[in-house]
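1. 3D model of this:
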Amino acid sequence: MFAVVVTLTVKPDQIALFMPAMLNNAQTSLATEQGCQRFDVCTDPARPNEVFLYELYTDRAAFDAHLASDHYRAFDQITGPQVISKNVRTFTQVVS
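-> Predicted structure coming up:
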């Protein structure tokens, strides 16, 4: 498994526009990308303009396919101006 964790800070006046697009991106990824196993969108009322994503893919290639997908590129283009900061971290599952 290949895990991706993303923390986004969204402009406060843009969060109401951002969230439907974010949820649509997550749902489309799960429905159409064979390698996307999980895509959680999380928030905390104490930090209303922060969004945390937890994504699981079968491997790095599946994540790269996600980034190259038409729906992700459209999402990124639309929401890019709404985002103040974005921190992406990736992890590969350790097999013993």
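2. What degree of burial does E33 show, as a neighbour count?
-> Number of residues near E33 (other Cβ atoms under 10 Å) recorded here: 19. Using the backbone N, CA and C atoms, a C-beta is placed for each residue, glycine as well.
3. Ramachandran coordinates for it?
-> The phi and psi values for E33, taken as degrees, to the nearest 10, are phi -100, psi 110.
4. How about G35?
-> Taking degrees, to the nearest 10 as the convention, G35 sits at phi -80, psi 0.
5. count of neighbours near it?
-> G35: 17 surrounding residues under other Cβ under 10 Å.
6. Quickly note the distance from it to V10.
-> Using Cβ to Cβ, to the nearest Å, G35 is found at 27 Å from V10.
7. in this protein, which spans are strands?
-> 2-10, 36-44, 47-57, 83-92 (DSSP state E).
8. Rebuild those as TSV, extending it with mean neighbour count.
-> Shown next, in TSV, are the strands of the chain (neighbours: other Cβ atoms under 10 Å):
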stretch	mean neighbour count
strand 2-10	17
strand 36-44	15
strand 47-57	17
strand 83-92	12
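9. Output those strands as a markdown table; include the columns distance to D70.
-> Below are these laid out as a markdown table (distance: least, Cβ to Cβ, whole Å):
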| stretch | distance to D70 |
| --- | --- |
| strand 2-10 | 19 |
| strand 36-44 | 14 |
| strand 47-57 | 17 |
| strand 83-92 | 20 |
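10. can you put those strands in JSON lines and add mean pLDDT and distance to D64?
-> Below are the strands of the chain laid out as JSON lines (pLDDT from 0 to 100; distance: least, Cβ to Cβ, whole Å):
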{"stretch": "strand 2-10", "mean pLDDT": "98", "distance to D64": "10"}
{"stretch": "strand 36-44", "mean pLDDT": "97", "distance to D64": "12"}
{"stretch": "strand 47-57", "mean pLDDT": "97", "distance to D64": "9"}
{"stretch": "strand 83-92", "mean pLDDT": "97", "distance to D64": "11"}
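11. Can you give the contact residues for the top helix by length along the chain?
-> Using DSSP state H to define each element, the chain has its longest helix at helix 15-32. The contact list for helix 15-32, computed with Cβ atoms under 8 Å, 6 or more residues apart in numbering, reads 10, 36, 38-41, 48-49, 51, 53, 55, 66, 69, 71-72, 75, 78-79, 82-83.
12. Thanks a lot, see you next time.
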